[in-house]
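J.: With the input below, show me the fold.
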Amino acid sequence: MKMNQNLENGIAAQGFDVVSFFNGSPKKGNEAYNSNYNGGKYLFASLKDKEKFEGSPESYVPQYGGFCAIAMSEDKALNPNPKSWEVRDGKLYFFTRKLFGIIDAKRQWVKKPEELRDLADTAWAKMNA
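T.: Next up is the predicted model:
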């Protein structure tokens, strides 16, 4: 079953190399290194990252289809800023920079990540039912 994804012109993660977040140094991807997954095109900064992704895409795709994690906990699918992100428990989360009057949504997330993740997981399951 195909899941919802936050795509812009068919490109996932706003063109960022999702593998690079797990190295702690996010990079923009390059069209020369791309891979299709779940209806979206993922771009990578290197052939090595592309191959890592293709070996286990579920390990690298952002949670909630690349939508803002904290917005998802509020039952909303909002476009994040990939410069606001976190890898927690081996999963990539994106956040918006400004949400509901909050300057950086990630600050709210890190205060109670388990509780917010549970809410977001429930909303995501409903969105993809």
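
J.: Need the contact partners of the helix or strand of the chain with the lowest mean pLDDT.
T.: None of the helices or strands of the chain scores lower by mean pLDDT, DSSP states H and E than helix 105-111, at a mean of 86. With contacts defined as C-beta atoms under 8 Å, 6 or more residues apart in numbering, helix 105-111 is touched by 68-71, 84-86, 93, 95-99, 102, 116. Quick note: C-beta positions are derived from backbone N, CA and C, even for glycine.

J.: One more: stretch 14-28?
T.: With C-beta under 8 Å, 6+ apart, stretch 14-28 has contacts from 8, 12, 29, 42-46, 49-50, 52-53, 60-62, 66, 82-83, 85, 87, 92.

J.: Please, where are all the strands along this protein?
T.: 7-8, 11-12, 30-37, 40-44, 81-88, 91-95 (DSSP state E).

J.: Single out the most deeply packed of the ones you listed.
T.: Most buried of the strands of the chain by mean neighbour count (mean count of other C-beta atoms under 10 Å) is strand 91-95; its value is a mean of 25.

J.: What mean pLDDT does it get?
T.: Average pLDDT, strand 91-95: 96.

J.: What's the per-residue pLDDT of the residue nearest to Tyr64 when sequence neighbours are not counted here?
T.: Nearest non-adjacent residue to Tyr64, counting by C-beta to C-beta, 6 or more residues apart in numbering: Met72, 4.5 Å away. On pLDDT, Met72 comes in at 95.

J.: could you point out the longest helix in the protein?
T.: When the chain is parsed with DSSP state H, its longest helix is helix 113-127.

J.: average model confidence for it?
T.: pLDDT averaged over helix 113-127 gives 95.

J.: Report the buried residues of that helix.
T.: Pro113, Leu116, Arg117, Leu119, Ala120, Ala123, Trp124, Met127 (16 or more other C-beta atoms under 10 Å).
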